[in-house]
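Participant: need a structure here:
(3 chains)
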Amino acid sequence: MLERETADGLVAVRLTEVEAYAGEADPASHAYRGKTPRNAVMYGPPGHAYVYFTYGMHFCVNVVCGPTGTASAVLLRAGEVIVGEDLARRRRMAGNGRSRVVAGAPPAPGPARGPLAARDLARGPARLCQALGIDRALDGTDLCDPAAPLRLRSAAPGSLAGQQPGVQFGPRVGVSVGVETPWRFWLQADPTVSVYRPHVRRNRV
DNA sequence: CGTCGGATAATCT
DNA sequence: GATTATCCGACGA
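Facilitator: Numbers count the residues shown, from 1 in each chain, chains lettered A, B, ... in the order given. Okay, here's the model as predicted:
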């Protein structure tokens, strides 16, 4: 479970999909070419959040894993919103201007009939961050601190008893190198797991 | 259902 | 100047 607490309220997500990045030894990792201002947090203590900005408009969040001095991390790719669905939906719809805002269209009646399905609220690393209101201000947050604005918690004991489906694995999404390393993990048949997409190189100028 | 291309800017070379 | 751990709307079947 990943919890995000702000003045607006609490949003909690049950993680369903992650990817592992093995620091400087991994060509797909942000740390492959060494330490930079952006990835500095990856070299810090484990259990902290590494938040980065990509594709000119999206944030993604990782959990730092290796001991201090190493740069391993796990990218949180998707989850199911358990608490605070309305707040999560508001954040996803608001999206600074250009996301899902249809001019002139009458607002959909009930939340269940909205254009944004509940399963899509945190289906993808950037969507997850948007639903939880995560940006670089949270870079370096100690996720193990129960009082932190963003924190990681175990599910309540027994809540998943007998219901845990199998964990599948395969290649990581959107990476141009290290494709042969199957370090994306997800819960089998879970509707909130994102769709696999290979890396695409865009047109040069 | 699926594939395709544009948006858009921090970060690094 | 090139690249990018992505998303969304459009379009075709």
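Participant: which residues of chain A lie near DNA strand C?
Facilitator: Residues of chain A found near DNA strand C (Cβ under 7 Å from any atom of the strand) are A:19, A:21, A:28-31, A:42, A:50, A:54-58, A:60, A:62, A:73, A:75, A:92, A:95, A:99-100, A:120, A:124-128, A:172-177, A:194, A:199-202, A:204-205. (C-beta placed from N, C-alpha, C; glycine too.)
Participant: just the buried ones out of those, please.
Facilitator: A:19, A:21, A:28-31, A:42, A:50, A:60, A:62, A:73, A:75, A:92, A:120, A:124-128, A:172-173, A:175, A:194 (16 or more other Cβ atoms under 10 Å).
Participant: can you pull the phi/psi pair for residue A:194?
Facilitator: Residue A:194 adopts backbone torsions of phi -70, psi 160, taken as degrees, to the nearest 10.
Participant: thought it was touching residue A:77?
Facilitator: Yes. Using Cβ atoms under 8 Å, residue A:194 is in contact with residue A:77, at 6.0 Å.
Participant: give me the common contacts of these two.
Facilitator: A:17, A:124-125, A:173 (Cβ atoms under 8 Å, 6 or more residues apart in numbering).
Participant: okay, the residues you listed in JSON lines with pLDDT next?
Facilitator: JSON lines is the format used below for the shared contacts of residue A:194 and residue A:77 (pLDDT from 0 to 100):
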{"residue": "A:17", "pLDDT": "96"}
{"residue": "A:124", "pLDDT": "97"}
{"residue": "A:125", "pLDDT": "98"}
{"residue": "A:173", "pLDDT": "96"}
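Participant: now, these that are in helices?
Facilitator: Judged by DSSP state H, helices contain the following of the shared contacts of residue A:194 and residue A:77: residue A:125.
Participant: between the shared contacts of residue A:194 and residue A:77, which is closest to residue A:37?
Facilitator: Minimum distance to residue A:37 across the shared contacts of residue A:194 and residue A:77 is 21.1 Å, recorded for residue A:125 (Cβ to Cβ).
Participant: identify the residue spatially nearest to that closest one, adjacent ones excluded.
Facilitator: Distance criterion Cβ to Cβ, 6 or more residues apart in numbering; nearest residue to residue A:125, sequence neighbours excluded, is residue A:60 at 4.2 Å.
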